[in-house]
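Novice: 3D model of this:
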Amino acid sequence: MEFKELKGKSAEELQKLLAQFREKVRDLRFSVSAKQLKNIRQLREAKKAVAKILTVLNQDKKNAKAKVAKKEPIII
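Specialist: Numbering: from 1, shown residues only. This is a model prediction of the structure:
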């Protein structure tokens with residue numbers, strides 16, 4: 001997954017992707033522990049995808065808060 005692809009998606013789509021990748025990480029961990037998985041790199045890539053999705057979600061939250069803060073006038 002690329003950041004460009006993720007930034008174009010809505011929060012709901014990102015949440016669905018996050019759930020899918022977390023399930024994939026869980027399944028891959030079981031495969032690694034049972035020594036069934038030959039390519040351990042798949043686990044690393046799935047973990048990185050989870051991190052990227054969480055990063056995009058947190059950036060969106062931060063940007064939304066910044067927009068709200070700019071709109072409110074400060075009255076002294």
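Novice: three-state assignment of Lys9?
Specialist: Here Lys9 is coil, with the state taken from DSSP: H, G, I helix; E, B strand; the rest coil.
Novice: the closest residue in space to it that isn't next to it in sequence and Asp60, how far apart?
Specialist: In this structure, Lys9 finds its nearest non-sequential neighbour in Leu17, 7.4 Å apart by Cβ to Cβ, 6 or more residues apart in numbering. To be clear about C-beta, it is placed using only N, CA and C from the backbone, and glycine gets the same treatment. Separation of Leu17 from Asp60 (Cβ to Cβ, to the nearest Å) stands at 14 Å.
Novice: the more surrounded of those two?
Specialist: Leu17 (20 against 16; other Cβ atoms under 10 Å).
Novice: report the separation between that one and Lys65.
Specialist: If you measure Leu17 against Lys65 using Cβ to Cβ, the figure is 23 Å.
Novice: what is the burial count for Arg29?
Specialist: Arg29: 14 neighbours (other Cβ under 10 Å).
Novice: ditto for the one 5 residues further on
Specialist: Using other Cβ under 10 Å, Ala34 has 8 neighbouring residues.
Novice: where does this structure have low pLDDT?
Specialist: Low-confidence segments of the chain (pLDDT under 70): 69-74, 76.
Novice: ok now stretch 27-43, how far from the chain's centre?
Specialist: 21 Å (Cα atoms, centre = their mean, to the nearest Å).
Novice: tell me the contacts of Arg44?
Specialist: For Arg44, the contact set (Cβ atoms under 8 Å, 6 or more residues apart in numbering) is empty.
Novice: work out for me the element it sits within.
Specialist: helix 41-71 (DSSP states H and E).
Novice: next one: Asn39
Specialist: Counting by DSSP H and E, Asn39 is part of no helix or strand.
Novice: how close does it sit to Leu54?
Specialist: Relative to Leu54, Asn39 is positioned 24 Å away (Cβ to Cβ).
Novice: again, but for Val25
Specialist: Val25 is 12 Å from Leu54, by Cβ to Cβ.
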